[in-house]
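*Asks:* 3D, please:
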Amino acid sequence: MRVAVAVSGAGPDDVVFVEEAERLGADSVWVAEAWGYDAFTPLAFLAARTSRIRLATGIAQLGARTPALLAMSSMSMQELSGGRFLLGLGTSGPQVMEGWHGVRFSAPLTMTRETIEVLRTVAAGERLVHDGAVYRLPLPDSAGRAIRSMAPPVPVPVYLAALGPKNLALTGELADGWLANAFMPETAAAFLEPLAAGAARAGRTVADLDVVVPVGVEFTDDEEEAARRHARGYAFTIGAMGNRSQNFYNAAFERQGYGDDVRAVQELWLAGDRDRAADRVPVDLGRRTNLLGPREVVAERIALHRGAGVTTLQAKLTGSLDERLGTLGTLLELCAEPAGQGG
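*Replies:* From the prediction side, this is the model:
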């Protein structure tokens, strides 16, 4: 099982951490994009400071760039990094897309499919002609011409952050990897069944995808405290993201058996009672979506993830630089052990 790391940017501490993570053996580093820093610029800097570790957007927001610009940035990253770039994509949500980017969140599934199609046309060095429902290139009745990229063709692996069944099926059909947020190995079927159905449409299986699960990692003797603290952190996700009728995370938790819980948390949050909302989050959400506890407990959780088909654990680490590297080193040891011994 591979181990990845996540950082929020390319500040001095992030750069040293990634350099050391590469030395320890981490497979990839993922940089997020919300409404602070973009994902590509920090990765370009990290490409110049590293030589082996793969560099991934985790995720770049669909609709924030034209598909052609997304392809251009991805091809630039492949050139700068010597082919180490992975393009992680996600739809974000209406609050960010319509409030921050000014882009209608009206057809995210179609936008995802067409963006990948355009990206692959450009990256393959083909002349760009696309007659889709969201993107029509060249624009009809315009002076636009079908253009071929000036850059040489290069493969760009695509990872999708998908939560809903239709988006999961699309991921199985089109993507090279899946970024599996809100994933719990105990209820993996809620995700893997639609993922497998989509993969079958393309004549392949889930095993053909890199399944990347983001997890907080803490080695501690007080597993209960850590699980409760991580569970409380979900109150914002459940209460503030999306809206009362559309929250992709809540829908994913509901499909895993937590529907009554997330509705109660959301009601408390929307009523302004954020402390009670945090207290109401089931502790299992903190425990099962992360790797928390003594070494042997974390090893058991790694084994569960491996058994569910997870191929990469993306570690989200906290603490000082030495603390993060120490945790990463132990995690790498556990993931390197043969199945049945350490995970």
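*Asks:* and the longest helix for the protein?
*Replies:* Secondary structure assigned by DSSP state H gives helix 223-240 as the longest helix of the chain.
*Asks:* now the next helix or strand after it: how far from the chain's centre is it?
*Replies:* Per DSSP states H and E, the first helix or strand lying C-terminal to helix 223-240 is helix 248-253. Distance, stretch centre to chain centre, for helix 248-253: 15 Å (Cα atoms, centre = their mean, to the nearest Å).
*Asks:* and helix 248-253, what does it pack onto?
*Replies:* Other helices and strands packing on helix 248-253, by 3 or more Cβ pairs under 8 Å, 6 or more residues apart in numbering; DSSP states H and E, are helix 223-240, helix 259-270. Bear in mind the C-beta positions are built from the backbone N, C-alpha and C, glycine included.
*Asks:* alpha carbons only: can I get the last one in PDB?
*Replies:* This means helix 259-270. This file holds the C-alpha atoms of helix 259-270, laid out as PDB (Å, rounded to 0.1, in the frame of the first residue of the first chain):
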ATOM      1  CA  GLY A 259     -28.700   9.600   7.900                       C
ATOM      2  CA  ASP A 260     -30.500  10.400  11.200                       C
ATOM      3  CA  ASP A 261     -27.200  11.600  12.800                       C
ATOM      4  CA  VAL A 262     -26.200  14.000  10.000                       C
ATOM      5  CA  ARG A 263     -29.700  15.400   9.800                       C
ATOM      6  CA  ALA A 264     -29.600  16.100  13.500                       C
ATOM      7  CA  VAL A 265     -26.100  17.700  13.300                       C
ATOM      8  CA  GLN A 266     -27.200  19.900  10.300                       C
ATOM      9  CA  GLU A 267     -30.300  21.100  12.200                       C
ATOM     10  CA  LEU A 268     -28.300  22.100  15.200                       C
ATOM     11  CA  TRP A 269     -25.700  23.800  13.100                       C
ATOM     12  CA  LEU A 270     -28.200  25.800  11.000                       C
END
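*Asks:* next, the angle from it to helix 223-240.
*Replies:* Helix 259-270 and helix 223-240 are oriented at 70 degrees to each other (axes from the mean of the first three to the mean of the last three Cα atoms, to 10 degrees).
*Asks:* buried residues of helix 259-270, list them for me.
*Replies:* 261-262, 264-266, 268-269 (16 or more other Cβ atoms under 10 Å).
*Asks:* circling back: who are the packing partners of the longest helix of the chain?
*Replies:* helix 248-253, helix 259-270, helix 274-280, helix 283-288, strand 291-293.
*Asks:* put together TSV for the ones you listed, with mean pLDDT and distance to Asp176 on each row.
*Replies:* Output for the helices and strands packed on helix 223-240, formatted as TSV (pLDDT from 0 to 100; distance: least, Cβ to Cβ, whole Å):
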stretch	mean pLDDT	distance to Asp176
helix 248-253	95	22
helix 259-270	96	31
helix 274-280	97	36
helix 283-288	98	26
strand 291-293	98	25
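*Asks:* as JSON lines, these with distance to Phe191 would be great.
*Replies:* Shown next, in JSON lines, are the helices and strands packed on helix 223-240 (distance: least, Cβ to Cβ, whole Å):
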{"stretch": "helix 248-253", "distance to Phe191": "8"}
{"stretch": "helix 259-270", "distance to Phe191": "16"}
{"stretch": "helix 274-280", "distance to Phe191": "24"}
{"stretch": "helix 283-288", "distance to Phe191": "13"}
{"stretch": "strand 291-293", "distance to Phe191": "18"}
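*Asks:* what about Arg23, neighbour count?
*Replies:* 12 (other Cβ atoms under 10 Å).
*Asks:* packing partners of the helix or strand harbouring Ala315?
*Replies:* Assessed by DSSP H and E, Ala315 sits inside strand 312-316. Judged by 3+ Cβ pairs under 8 Å, 6+ apart, strand 312-316 is in contact with strand 2-7, strand 28-31, strand 210-219, helix 321-336.
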